[in-house]
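1. structure for the following, please:
(chains A and B)
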Amino acid sequence: DGGITQSPKYLFRKEGQNVTLSCEQNLNHDAMYWYRQDPGQGLRLIYYSQIVNDFQKGDIAEGYSVSREKKESFPLTVTSAQKNPTAFYLCASSIQPFTEAFFGQGTRLTVV
Amino acid sequence: AQTVTQSQPEMSVQEAETVTLSCTYDTSESDYYLFWYKQPPSRQMILVIRQEAYKQQNATENRFSVNFQKAAKSFSLKISDSQLGDAAMYFCAYRSAQDSGAGSYQLTFGKGTKLSVIP
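-> Model (predicted):
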């Protein structure tokens, strides 16, 4: 079945450590996105990528980094520079120029 | 920049009744798309319905329909014959349909409305 797979579902990180969240899609979508969700904040865009080897900062990119070496994969690294990383992270993808975004099941990151 | 506002943080509805969730947005663009997404307790975001701004006809998907008022920049979701499985967070989202450069295809979300369904 086609879809978006995020792993792991739950992730714990010690302060000062970098951690990478995985996002893989087999929908053949060109565009991929990372969103952060906090209680009462809705979804906020961290990074997005329209094509392979290209990505752009979203509204809250500070403390995060991404890569897009393959069409299927868009990993997100939460660095130690991110001051408040505990949140729910959602990866999404979409076909260009179509408009629907399809989402993965999310990763809950907790800093301990 | 576009903004999306959902003014109802929480709502409740009796099972089998009808409920309407509100959404307003601000944009200077004429061509865009609007969406309602559902996020149940599993936290998977599920597309409920979409509306193209150039279409005057309101979109409908089974028990879900929208009231799209372009001039008023309003996009409400009506859920008919509410079911227990409709209980979830509902997010309104906006997306430009114009290729104006970097970021033009990103989704902008409201803060959500939590819908409870009372048996």
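
2. for A:E15, what are its contacts?
-> A:80, A:111-112 (C-beta atoms under 8 Å, 6 or more residues apart in numbering or on different chains). For glycine as for every other residue, the C-beta is placed from the backbone atoms N, C-alpha and C.

3. what of A:D59?
-> A:44-46.

4. which stretch of helix or strand covers it?
-> Using DSSP states H and E, no element contains A:D59; it sits outside every helix and strand.

5. let's verify the spatially most central residue of chain A: helix, strand, or coil?
-> In chain A, the residue lying closest to the centroid (C-alpha atoms, centre = their mean) is A:W34, at 3.1 Å. Here A:W34 is recorded as strand under DSSP: H, G, I helix; E, B strand; the rest coil.

6. got the residues of chain B near chain A?
-> B:9, B:33, B:35, B:42-47, B:50, B:91, B:95, B:97, B:99, B:102-103, B:105-112 (C-beta under 8 Å from any C-beta of the partner chain).

7. re the thing from before, I'd say the residue nearest to the centre of chain A and A:Y47 touch.
-> Yes - between A:W34 and A:Y47 there is a contact under C-beta atoms under 8 Å: 5.0 Å.

8. mutual contacts of the two, please.
-> Common neighbours of A:W34 and A:Y47 (C-beta under 8 Å, 6+ apart) are A:58, A:64, A:66, A:76.

9. one step back: pull out the buried members of the residues of chain B next to chain A.
-> B:33, B:35, B:43-45, B:50, B:91, B:95, B:97, B:103, B:105-112 (16 or more other C-beta atoms under 10 Å in any protein chain shown).

10. related to what we said a few turns ago, what two of the shared contacts of A:W34 and A:Y47 are the furthest from one another?
-> Of all pairs drawn from the shared contacts of A:W34 and A:Y47, the greatest distance, 11.2 Å, lies between A:G58 and A:L76 (C-beta to C-beta).

11. could you name the helices and strands sitting against the helix-or-strand element of chain B with minimal mean pLDDT?
-> Least confident helix or strand of chain B, by mean pLDDT, DSSP states H and E, is strand B:108-109 with a mean of 91. If you count contacts as 3 or more C-beta pairs under 8 Å, 6 or more residues apart in numbering or on different chains; DSSP states H and E, strand B:108-109 packs onto strand A:42-51, strand B:3-5, strand B:88-96.

12. same list (these) but as a markdown table, adding distance to A:N84 and mean pLDDT.
-> Shown next, in a markdown table, are the helices and strands packed on strand B:108-109 (distance: least, C-beta to C-beta, whole Å; pLDDT from 0 to 100):
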| stretch | distance to A:N84 | mean pLDDT |
| --- | --- | --- |
| strand A:42-51 | 12 | 90 |
| strand B:3-5 | 23 | 94 |
| strand B:88-96 | 21 | 94 |
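
13. which stretches of chain B aren't confidently modelled?
-> Scanning chain B for pLDDT under 70 picks out the ranges B:99-105.

14. chain B: which of the contacts of A:D59 is nearest?
-> Of all the contacts of A:D59, chain B sits closest to A:L45, with 5.4 Å by C-beta to the nearest C-beta.

15. min pLDDT across the shared contacts of A:W34 and A:Y47, which one?
-> On pLDDT alone, A:G58 ranks lowest of the shared contacts of A:W34 and A:Y47, at 90.
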